[in-house]
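**Student:** Just a sequence and a predicted model for now, questions to come.
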Amino acid sequence: MPDKVSPVDALPPASRKYGALGARSDKPHWGMIVDQERCIGCWSCAVICKSENDVPLGAWWNRILTNGVALDQPRTERGQLAMEWLPLACQHCENAPCTKVCPVQATYHRSDGVVMMDNDRCIGCRYCMIACPYGVRTFNWGEPERPTTHETGMVVARPLGTVEKCTFCVQRLAEEQVPSCVWSCPAQARIFGDLNDPSSRVATLASSARVLLEDRGTRPSVMYLAPRRKQSI
Amino acid sequence: MPQSRRELLKRGGAAAATLPLAGACATVPAARDYDVAKSLPVDKVVRTTCSPNCTGSCGQLAFVRDGVLVKIQQAADYPDAAYNPRGCMKGLSYLNQVYGPDRILTPLIRTGARGSGEFREATWDEALDRIAADMQRIGAAWGYDSIHVFGQVPGSGYIQKGANYRAAALLGLTHGTSFDFNGDLPMGMPITFGVQNAEHEAKDWANSRFLLLVGSNPVETRIPDVHFIFDAVAAGAKLVVVDPVFSPTASKADAWLQIAPGTDAALALALCEQILADGLADLEFMRTYTDASLLVRADNGKRLREKDLVAGGSDAVFVVWDEATGGPATVGTSRLGFADGVRPALVGTYDVPLASGGSVRATPAFTLVERELLAWTPDRAAQVTGVPAERIVSLARAFARTKPAAILMGGGSNHWYHGDLTGRAFGLLASLTGNVGRSGGGFSVYVGQYKVRVDTSPWWNPDGHKANVVPSIYFVRGKTATMNAAVPYPKNGWHGLIVTFANMFVQTMDTNELHRTLDGLDLVVVVDHQRTETVKWADVVLPATTWYEKTDLTATPLHPYLQLQQPAIDPVGQARSELAIWRGIMTRVAPDLAAKYFAMTEEDAIKAILAASGGPGGPTEGITLEQLKAGPVRLRVPDPDVAFVHQIQEKVPFPPQSLPAALTATAAFVPTRRIEFYKEDDGFLKLGETVPTYKEPFDDGANDPKRYPLRLLTPHSKWRIHSSYANNAWLAEIHGGRPEVFIHPDDAAARSIATGDLIELANTRGSVQAWAHVSDAQRPGAITLPEGWWPRQFAKGRGVNELTSSAVNPVHEIRFLGNMWAPSTGWKDCRCEVRKVAASA
Amino acid sequence: MSATTVPMTRVRGDTGWGLTVWIGFLIVVMAAGVAAFAYQFANGLEVTGLRNTMMWGNYILFFMFFVGLSAGGLIVASAGKLFGVAAFKPITRLAVVEATVAVMLAGIFIVPDLGRPERLLNLVLYANPTSPMVWDITIVVAYTVLSASYVWLYTREDLARRGSWLAFGTGTTAREHARDERMKAALAWVALPAAILLHSITAWIFGLQISRTFWYSAIMAPLFIASALVSGLSLVILLALLLRRLGRIDFEDRLVGFVGGLLAVFVVVEAFFVGSEFLTAAYPGVPEDLSPVTRLLFGPYAPLFWTEVLVGLAIPFAILVVRSWRARPALVAAAAILAVFGIFVHRLNLLLNGLSYVPISLPPGVGIGTPQEGVSFATYHWYVPTVVEWLIVLGVLAFGALLFTLAGMYLPLRERAATSSAGL
Ligand SMILES: Nc1nc2c(c(=O)[nH]1)N[C@H]1C(S)=C(S)[C@@H](COP(=O)(O)OP(=O)(O)OC[C@H]3O[C@@H](n4cnc5c(=O)[nH]c(N)nc54)[C@H](O)[C@@H]3O)O[C@H]1N2
Ligand SMILES: Nc1nc2c(c(=O)[nH]1)N[C@H]1C(S)=C(S)[C@@H](COP(=O)(O)OP(=O)(O)OC[C@H]3O[C@@H](n4cnc5c(=O)[nH]c(N)nc54)[C@H](O)[C@@H]3O)O[C@H]1N2
Ligand code: SF4
Ligand code: SF4
Ligand code: SF4
Ligand code: SF4
Ligand code: SF4
Ligand SMILES: [Mo]
């Protein structure tokens, strides 16, 4: 075996440049914006998340909801068929119900706004799952099963009996790279960056973006750009 | 007493209970920062290209740890940032194909009856000896041309798939076709433009002001490219989607026209008619670039030629009626447009004196086209297509008034027996509005990954040897009465089949017909890395490497980048590359040829190809293997790469070359060397298809609408590339892994079918059982069962293609050039009836 | 007088044989429970009927239920002391024992619910002040200690009299007796707020969760207190009647009548809260089909709600309001059984309706968390506890029964004859 290297250092220069975090302050608050007009419900972000983070079968940190009657099936609105997609993962709430209820502070805030999990501390009470208004947490009910013959991904798998969820790919942030789902969105519908840096793309778009379940007062760090209004021909 | 009780509750109870908690809950716990987790290290990251039969051709990075793939992610390294990142959830989940339970690890030799799926593991020598021996026996008894090699479209791998051609060329095997067989060959293109096909690179969609999508579902079938449409829309472009089904693409559109299946040509003709009626047509474009003004003889329907006017005149010089002189004028084929001063008439009928004495009545082709169009009033079109007349009118006006306007046609409109007519009609619409050859405009048919962008001849045709190419449709159903004489059909029929890069027994039309052919075969070899249905029917199975385990050269119609596949891991199990496999076979069948022609490595082959098309102005001029190893390299083509740009800007005669064919071969399709809307060949005359027209779907004849009232649409699934990825564990978690048939509530109610019910689809050709999904997105009378599900995933049957038709349209046989003018399949041209088998559990 | 001189003896009239069988049986069930727990510990909670779409089930259900049951002891004891209701005296000791056992079981039920029970200590090491669960576990433990000391206070003099080591060397002097009385009084002042806290915090575990529209309501705490009173008192009545039959304690039927009346009041109070919560939710008439009301009335769990209302509230009340009926122990017992059952169903209702619908319920829903045939997502979860879950629950229940049996055997539950006939 050759001695190992960081997967970021090993990237072709062009790829590394593509994935670099944009403008950021020295005290960043990471945020993400998903453009529902551009989203095509392809699940690439969900699949790469599974791959990047070695999420076992049955569990998804990131999933794509159809605003319709079934997966990829439109709803009827004022006599017209209509459909959009709603990619959903941890919203990294500033006022996070999950961190409040965790009896052992195993899920907690980082100063850069990321809501993290400490899977070595988690006692598996699943109170955080109950508290999360977005249903984005998943529990390790049994030993992880994979379709491949070996462990994959870029982080170590979480232990049985603990809860896991989207981490904003902190392992990548640590090397100045955007999260994997942002990298892999073929529709370029996901924008990531420092909400504290007014010159960043997320910060500029944030003003026109909306958050999910605003009435719950969770103050998410993930925001959405609503689908456009259609023109007439 | 009560007094004190209340007191007590106040003091003791409530207050004590709430205060501490309330206080604490006001705040969230303080932040913690103790972890600086970084990604786990890897051995290396290798840049390669995802290459199923997809057209995506997306650069991927293979992350390797301890010798195994641990992540696949888009390379996103295209110099043209707009193309980043190319890729989709399927490519990203290929890990599960490489290491999944269906991966074939060793050669297999059949032990049970064919199709029993009973095999024993074998050594490579054993397997190859067996194949070589059988091939020699068949070759001696029937001739090597009775062995049919089916290898699918070349674009996804010029070298490994090229090895098929190379071997076939040397041994005289018959090589099947793919582009036509796949029903992708848009016959309207060779007929009208004299090319195999020609499209704008996806990036150019963003330059459009008006996008008209017909039978195309890019949101699901062009996942890496569809964002260019959104870029255009964001810049104010309008998006109109014509589809019988409310497809995910329709959900993004400004307008969705729910057309009756198989009637697109009628819509196109009506649009043209309306544009003419409104005086919005670009007649100058028609004059300059098309055959509109060329005179056609009223007596025999042939074009008037110089030789008709003067003795010894040329057969390749045509005649117009010059309004300037009030007489005939001749036009050559060396340049588009006309000599200065000539004002060719587009309308009218003229008596033209003949060399033979006397005169002939002749009409400009445009007048003949217009005559056909006159019949296509919005009202008539509305009756045929089900699209309201007023919407047709408003669409026509909007389309004609907005420039540039692009027409994107897909398989949904093309995969019909009369798909050629549809293509010709939309080609006319694009020309009438002067959109051809313009950035942001054009008429592009996006279908399979057929495109040969570089000169592959040094690899495919060693020392000029060429494979014996026969359309694979004739393998499936034998000769047709109308088969073109030029087709080199093997004199002793079919005796062997070698399938590679294809899941033939799932993806072939009229599957039961194919099985009849199969029964007569002495040898069936299948090369694949997944245990597909096709593998099940093989005598010998050879384990192939994936594109993470071998070297190849790829390109696609969607973007003009040349890319490599580069091995990231050692072959899994005993897998071997196709080149290695053919080398093994050749060494046994023809050692001398093997030594001479199969010693080459992939890299040698790539170098040879780069050299062959690397001349001045050539597509690979200055491109080296080293550059390709580092990343994608844009071919030397205009930017943006726009179809027919030379013809339109420099008036160079049509057609541009369609590799690998010689220019002369395809130029023959359009003798006027212009865009042809009038076809004079006897075949067209006989069938009354000289000008773009509309004909009813063909299967209505074969499958009586009374007994088989439903149209069966089998579009491509977002979750698969055809049948590939149908066994992918991650994706199955999302879509559930069992075939669903989408049916409109009315059709369902009429058959008391509910979502989840097990239903049977049947017609005269076959039947299959799957599960119903009642959906408002469907059009009444048309059901959708996306192609590509494996038979093992159905409740019963050999898959949806038991029902599809192998009918051959004689127009596609008027000429013959494999993959360029050959029978194109009408997958969607299919009727059936549905019945409930069992209610949902 | 005789009773007081009885040393640690078996229940009169009870054959040692029958008792041994009973205890043997309990031990077998407990063993099964332990085995089931070991199995669950080894394989993870995958062996339960729970998934991401329904993350709490049987264990939490019984936790809630037993917290409620523990209320009985306190009402009886403190009511006796604080409100000078002497009538309870004959059943006070029994009541506090019941409370102790119940709250202890409640605490135990939390353990099998954890994915990582071996990390229980983290609750102490990293306790999160903002977590209702931390406060609830604290109060459960505190309340257990409290009730236990109650038991001791009420029985220590008799224990000392028999020279039992359980008296921990204390004697039977008048001074000590007086001190007991003072301490009982003092304890009552702590116990009542403690009880209110216990039920309130347990309620807040659910009621404070804005993520669950079905729970997020201010009435949750009062409702829990009321229902606790109902179930707690009911259980005391039942146990009292049982022990009287076994001849371990004795009291006149009018006590039953009196308690029945009290129970009627509690039932009304609970009905009031249930009703007003329902009205508040229903009145705005939110059309949204997942609104709590529609769920209650027409959801798949609607039958539970109606059971709760009819069997749990209406019928018991009907029985208990009628003075002549409530004078008949058999009928009061029946009402009590129904009431307890009603509260159980209420807790079940709360859990199922609160959890089995995923928060943002667009298709395909939430990844259920384990591989399965077909789609791995769901917007709704029909929860059926597995055998493992039942075995563990039964094991814990058996443990409770055992404790109570032992208490019955070794603790003087009968009040000293002298004070046994205090009037109302
Ligand atoms: N995900 C995915 N992508 C793919 C492929 C794949 O298998 N999966 N295959 C690749 C290949 S090889 C090809 S050829 C292309 C094909 O992909 P597309 O060109 O998109 O063709 P289809 O998916 O067959 O059909 C597209 C749409 O046409 C509609 N349609 C059906 N009948 C008619 C009709 O009569 N008129 C009109 N106007 N619309 C109709 C269908 O409802 C469907 O929404 O996709 C390529 N990309
Ligand atoms: N009913 C219906 N049928 C259709 C269509 C339709 O619209 N409707 N569409 C048609 C069209 S457009 C097309 S293009 C065809 C596509 O038909 P196919 O090209 O046969 O499609 P796939 O199912 O992708 O089969 C590709 C096979 O190649 C294998 N493979 C992948 N990589 C390699 C490799 O490196 N080496 C080898 N040896 N094998 C490899 C895969 O495992 C898979 O089994 O289907 C056609 N069939
Ligand atoms: S989305 Fe859920 S899990 Fe993520 S921070 Fe908010 S509450 Fe916590
Ligand atoms: S499951 Fe783990 S993270 Fe969630 S609340 Fe319980 S201890 Fe905290
Ligand atoms: S940020 Fe990382 S962890 Fe979160 S959804 Fe995206 S890929 Fe998954
Ligand atoms: S990858 Fe992008 S387009 Fe695809 S589902 Fe995710 S957000 Fe939507
Ligand atoms: S499957 Fe097609 S679109 Fe997806 S990554 Fe591979 S080539 Fe690209
Ligand atoms: Mo295709």
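**Tutor:** Right, received. Where do you want to start? Note that the structure is predicted; figures quoted are calculated from it, not measured. Numbering: from 1, shown residues only, chains lettered A, B, ... in the order given. Ligands and ions are numbered 1, 2, ... in the order given.
**Student:** Tell me how far the residue most central in space within chain A lies from ligand 1.
**Tutor:** With the centre of chain A defined as its mean C-alpha position, the nearest residue by C-alpha atoms, centre = their mean is A:Ala89, 4.4 Å away. A:Ala89 sits 23 Å away from ligand 1 when distances are taken as C-beta to the nearest ligand atom, to the nearest Å. Just so you know, the C-beta spots here come from the backbone N, C-alpha and C atoms, and that holds for glycine as well.
**Student:** correct me, but that residue touches A:Val222?
**Tutor:** Yes - A:Ala89 lies in contact with A:Val222 (C-beta atoms under 8 Å); the separation is 7.4 Å.
**Student:** Farthest from the middle of chain C: give me that residue.
**Tutor:** If you look at how far each residue of chain C sits from its centre, by C-alpha atoms, centre = their mean, the farthest one is C:Gly374, at 40.4 Å.
**Student:** Once you drop chain neighbours, what's closest to that one?
**Tutor:** By the measure of C-beta to C-beta, 6 or more residues apart in numbering or on different chains, the closest residue to C:Gly374 outside its immediate chain neighbours is B:Gly736, 4.6 Å from it.
**Student:** Pretty sure the one you found sits against C:Val375.
**Tutor:** Yes - here B:Gly736 reaches C:Val375: they are 4.1 Å apart, a contact under C-beta under 8 Å.
**Student:** buried stuff in stretch B:516-529?
**Tutor:** Buried residues in stretch B:516-529, counting neighbours by 16 or more other C-beta atoms under 10 Å in any protein chain shown, are found at B:517-518, B:521-529.
**Student:** isn't C:Leu320 right next to C:Val259, touching?
**Tutor:** No - C:Leu320 is not in contact with C:Val259 according to C-beta under 8 Å; the separation is 9.7 Å.
**Student:** hey, what's in contact with both of these two?
**Tutor:** C:Val332 (C-beta atoms under 8 Å, 6 or more residues apart in numbering or on different chains).
**Student:** Could you check the longest helix along chain A against ligand 7 for contacts?
**Tutor:** Ordering each helix of chain A by length in residues (DSSP state H) puts helix A:44-52 first. No - with C-beta under 6 Å from any ligand atom as the threshold, helix A:44-52 lies outside contact range of ligand 7, at a closest distance of 8.4 Å.
**Student:** by contact count, what packs against that helix?
**Tutor:** Packing partners of helix A:44-52 (3 or more C-beta pairs under 8 Å, 6 or more residues apart in numbering or on different chains; DSSP states H and E): strand A:63-66, helix A:180-184, strand B:68-74, helix B:89-92, helix B:729-735.
**Student:** Between the two ends of stretch A:105-119, how far is it?
**Tutor:** Stretch A:105-119 has an end-to-end distance of 11 Å (C-alpha to C-alpha, to the nearest Å).
**Student:** returning to what we had before: from chain A, how far out is the residue farthest from the centre of chain C?
**Tutor:** 12 Å (C-beta to the nearest C-beta, to the nearest Å).
**Student:** dump the residue contacts of that residue.
**Tutor:** B:736-738 are the contacts of C:Gly374 under C-beta under 8 Å, 6+ apart.
**Student:** Going along the chain, name the strands of the chain.
**Tutor:** Picked chain A for this. Secondary structure of chain A by DSSP state E: the strands cover A:30-35, A:63-66, A:75-77, A:80-82, A:85-88, A:107-109, A:115-117, A:138-139, A:163-164, A:190-194, A:222-225.
**Student:** wait, I meant chain C there
**Tutor:** In chain C, the strands defined using DSSP E lie at C:366-367, C:377-378.
**Student:** Would you mind measuring from the nearest residue to A:Lys50 once chain neighbours are set aside to B:Gln73?
**Tutor:** By the measure of C-beta to C-beta, 6+ apart, the closest residue to A:Lys50 outside its immediate chain neighbours is B:Trp730, 6.0 Å from it. Here the distance between B:Trp730 and B:Gln73 works out to 14 Å (C-beta to C-beta, to the nearest Å).
**Student:** And the average pLDDT for the longest helix of chain A is what?
**Tutor:** Summarised as a single mean, pLDDT over helix A:44-52 is 98.
**Student:** Stretch C:322-329 now?
**Tutor:** Stretch C:322-329 shows an average pLDDT of 90 in the prediction.
**Student:** residue ranges with poor pLDDT in the chain?
**Tutor:** By default, I'm working from chain A. A:1-2 (pLDDT under 70).
**Student:** nope, chain C please
**Tutor:** Along chain C, the parts satisfying pLDDT under 70 run over C:1-15, C:285-291, C:416-424.
**Student:** Going by proximity to ligand 5, name the top residue of it.
**Tutor:** Using C-beta to the nearest ligand atom, the single residue of chain C nearest to ligand 5 is C:Gly367, 12.5 Å away.
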